[in-house]
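> Sequence and predicted structure, then a few things I'm wondering about:
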Amino acid sequence: MSKPIVAIVGRPNVGKSTLFNALAGENISIVKDTPGVTRDRIYADVTWLDHAFTLIDTGGIEPDSSDIILSQMREQAQIAIDTADVIIFLADVRQGLVDADSKVADMLRRSRKPVVLAVNKVDSFQKFMADTYEFYNLGIGDPVPISAASRLGIGDMLDEVVKHFPKQTGEIEEDDRPRIAIVGKPNVGKSSIINKLIGENRVIVSNIAGTTRDAIDTEVRRNGKDYIFIDTAGLRRKNKIKEELERYSIIRTVTAVERADVVILVIDAKEGVTEQDAKIAGIAHERGKGIIIAVNKWDAIEKNDKTVYEYTNKIRNILAYMPYAEITFISAVTGQRLPKLFELIDMVIQNQNLRVATGVLNEIMTEAVALQQPPSDKGKRLKLFYITQVAVKPPTFVIFVNDKELMHFSYTRYLENKIRDAFGFKGTALRFLIRERK
Ligand code: GDP
Ligand code: GDP
C-alpha cells in the first residue's frame, strides 16, 4: 500500500522549515546506517494518529532576491502539483497577504490538487485570529490558523490534510500487477532500459489512465504477465540550479519508490557505484521495497574474469546495509540479460510476499540461540521467547523478549542471517520488531 505524499509550499520565511521539522520530528534522520541519506532534509516519513504519509520539502528560496522569488515559488508549486497528493499552502499572518501568495494560490487552484491553507505564526489565537480572515481572499478554502513554532493548531491542520487522502477501501486491490520503479542518477540508462524492454515485449500502454504523478507508467506484457514500469527519467525539467535539480530528482525518486513493489537501481558500469547511488538505494531500503541492482552499460567496459567479482565487491561494500539486494549486469544497448530482469522481478516479488509458519520460525530461533548465546548486560541475559511473522511486503517479524534493551543490533542481524539461510528472502529487506513480554 503506497503512502500518500504531502508537500509544503509557501514564500520564504513563512515557516516551512519549522513546520517540516515539527511534523517530521525525529523521523528526519532516517536509517542511521544508510550513508548519505541523513544529510538531506528533503523528505520525511510522518505518522499521525493512524495515518502515515511522506512529507516532501520542495526546496528553499533565497529570501533576498525578491525578483526571482515568484518564479521560484512557481517552480516549487509545480513540483508539489506534480508529485503530491495533498499540498499544504503556508502563509504568514504577520507578513499578511501578499501578491505572490495570490499568484501561487491561483496556480494551485487551477491544478485541482487538494490544498490545505495554513496560516502560520498565529502564536496567540486571541491576538491574531482576526488577521487570518483576509486569507479567505486567496480562494483556496478556509485558512487554518497554526503556530509551527509552538505546535499550535497542527492537529486541526492535519485533520484537513488526511481528509484528502485517497480512500483505502479495505477491499482487495484490483490492480495486482507488479509495479517496478527504475531509479538511478541521470544518464545511467534508465530510459534506454525501459525503451528496450518495451521494444522487445511489444505491448505498450503508455500514460496509464489515473496516473497523476510525475512519472510515466508503462505496461509491459511478457509471457502473458503484465508488469508496470515506473520511469523516473521520462520527464525532465529545465532547472538551472544544480541543487534544485538534485532535490527534484530525489523527490521524484521518493514518489516513484513509494508506489513500487520492486525497485531497480541502475548503476553506470563506466562510473562504478557512487555516494549518490547509495543515497538513492537508501530510499528503497528504508521503505522495505524489493531491490535489484542493475549495473548497466556492461557492453561499454573492458572485462576479464575478475570484473564481475570486483564490481560485486565494490557494490556490496558501499551498499553494505543491503546485502540482500540482487545484482545483475546488463546492457540496454545490446539487450544483454534484460530477459533475466523479469525473472529477478518475479523472484523478488515472491520473496516479498513469502510467509513462514510460526512453528518453523521458532525452531530456527531455538537452534540459533543454542549455537550462539544471546548477549547480556550487568548480569542480565537476553531471553528470546517467541518469534512470529506479522506482515509481508516487506516480511516483518515480531520477536518477544524479556528486555528490549538487551537485544543488540548484531544479535538481530545474526537471527536475520539464520532466517535468510533457511528461506533466502533474496531481494527483500526484512523487518524485526522487538517486543517485551511481561
Ligand atoms: P521558511 O523560509 O519558510 O522555511 O521559514 P522558517 O521555518 O525558516 O521560519 C522563518 C522564521 O519564522 C524563523 O525565524 C522562525 O523561527 C519563524 N517562525 C516559524 N514558525 C513560527 C511561528 O509559529 N511563530 C513565530 N512567531 N515565528 C515562527
Ligand atoms: P537516463 O538519464 O538514466 O534515462 O539515461 P539514458 O537512457 O538517457 O542514457 C544516457 C546515455 O547512456 C545515452 O547516451 C545512452 O545511449 C547511453 N546508454 C544507455 N544504456 C547504455 C548501455 O547499455 N550501453 C552503452 N554503451 N550506453 C548506454
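Everything's here; your move. Ligands and ions are numbered 1, 2, ... in the order given.

> so what's the nearest residue to T307 once chain neighbours are set aside up against?
Spatial nearest neighbour of T307, excluding adjacent residues (CB to CB, 6 or more residues apart in numbering): I301 at 7.3 Å. Placement of C-beta: from N, CA and C, glycine included. The contact partners of I301, taken as CB atoms under 8 Å, 6 or more residues apart in numbering, are A269, K270, T307.

> So which residues of the stretch 201-350 of the chain form helices?
All helices of the stretch 201-350 of the chain, identified by DSSP state H, counting those that start in this stretch, fall at 242-259, 275-286, 307-318, 338-352.

> how about those in a markdown table, adding mean pLDDT?
As requested, these are exported to a markdown table (pLDDT from 0 to 100):
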| stretch | mean pLDDT |
| --- | --- |
| helix 242-259 | 78 |
| helix 275-286 | 88 |
| helix 307-318 | 94 |
| helix 338-352 | 94 |
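
> Return the residues of the stretch 301-438 of the chain in contact with ligand 2.
Proximity of the stretch 301-438 of the chain to ligand 2 (CB under 6 Å from any ligand atom) is limited to residues S331, A332, V333.

> Counting neighbours, which bits of whichever helix or strand D156 is part of end up buried?
Using DSSP states H and E, D156 falls within helix 154-163. Along helix 154-163, the positions that meet the burial threshold by neighbour count (16 or more other CB atoms under 10 Å) are I154, M157, L158, E160, V161, V162.

> Tell me which of the helices of the stretch 201-350 of the chain sits nearest to D176.
Go through those one by one with CB to CB and the one that ends up closest to D176 is helix 338-352, at 10.2 Å.

> Show me what that closest one is in contact with.
Residues contacting helix 338-352 (CB under 8 Å, 6+ apart): 178, 180, 193, 196-197, 200, 222-223, 227, 261-262, 264, 290-292, 294, 326, 328, 330, 332, 392-395, 424-428.

> Got a quick ChimeraX command for the buried subset of the residues you listed?
Here the buried members of the contacts of helix 338-352 are turned into a ChimeraX selection, burial being counted by 16+ other CB under 10 Å:
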select :178,180,193,196,197,222,227,261,262,264,290,291,292,294,326,328,330,332,393,394,395,425,426,427,428
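
> Which of the contacts of helix 338-352 fall in strands?
Applying DSSP state E to those, the entries found in strands are I180, R222, Y227, V262, I264, G290, I291, I292, A294, E326, T328.

> Which residue, other than its chain neighbours, is closest to the first one?
In space, I180 comes closest to V262 once its chain neighbours are excluded; the distance is 4.8 Å by CB to CB, 6+ apart.

> if I read this right, the one you found contacts R179, doesn't it?
Yes: the pair V262 and R179 qualifies as a contact (CB atoms under 8 Å) at a distance of 7.5 Å.

> Settle this for me: I5 is touching R252, isn't it.
No: the pair formed by I5 and R252 falls short of the contact definition of CB under 8 Å, at 11.0 Å.

> Spell out which residues are contacts of both of those two.
Once CB under 8 Å, 6+ apart is applied, the residues that I5 and R252 both contact turn out to be T83.

> Output the set of residues of the protein in proximity to ligand 1.
Within reach of ligand 1 by CB under 6 Å from any ligand atom, the chain has these residues: 10, 12-18, 120-121, 123, 147-150.

> Just the buried residues of those.
Of the members of those, the ones counted as buried by neighbours, 16+ other CB under 10 Å, are G10, P12, V14, G15, K16, T18, N120, K121, D123, S147, A148.

> farthest pair in those residues?
Of all pairs drawn from these, the one with the longest distance (CB to CB) is P12 and D123, at 19.5 Å.

> Please report the distance of the spatially most central residue of the chain from K167.
Closest to where the C-alpha atoms of the chain average out (CA atoms, centre = their mean) is V254, at 3.9 Å. In this structure, V254 and K167 are separated by 23 Å, where distance is defined by CB to CB, to the nearest Å.

> One more: T54?
T54 sits 18 Å away from K167, taking CB to CB as the criterion.

> In terms of packing, which of the two has more residues around it?
The residue with more neighbours, out of T54 and K167 and counting by other CB atoms under 10 Å, is T54; that gives 23 against 5.

> what are the phi and psi angles of the more buried one?
Here is the backbone geometry of T54 (degrees, to the nearest 10): phi -100, psi 120.

> Start the count at 56 instead of 1 going forward.
Got it, the first residue is 56 from now on, which makes the last one we talked about T109.

> tell me the contacts of it?
Under the criterion of CB under 8 Å, 6+ apart, the contact partners of T109 comprise K58, P59, I60, V61, Y98, A99, D100, V101, V309, T310, E313.

> Are we agreed that the first one is in a helix?
Read that as K58. No: with the criterion set as DSSP: H, G, I helix; E, B strand; the rest coil, the secondary structure at K58 is coil rather than a helix.

> residues contacting V217?
Counted by CB under 8 Å, 6+ apart, V217 has contacts W103, L104, H106, F108.

> Quick check on those: which are buried?
Among these, those scoring as buried are F108 (criterion: 16+ other CB under 10 Å).

> Among the contacts of V217, list the two that are farthest apart in space.
For the contacts of V217, the maximum inter-member distance is 11.3 Å, found between L104 and F108 (CB to CB).

> out of the buried residues of helix 209-218, which one sits closest to Q331?
Q331 lies nearest to V216 out of the buried residues of helix 209-218, by CB to CB, at 31.4 Å.

> what's the closest one in contact with, if anything?
Residues in contact with V216 (CB under 8 Å, 6+ apart) are V61, F108, V141, I143, V171.

> give me the beta-bridge partners of the second one?
On DSSP bridges, the residues paired with F108 through beta bridges are V101.

> is it true that it touches F220?
Yes: taking CB under 8 Å as the contact criterion, F108 and F220 are neighbours in contact, 7.3 Å apart.

> hey, what's in contact with both of these two?
Common contacts of F108 and F220 (CB under 8 Å, 6+ apart): P59, D140.
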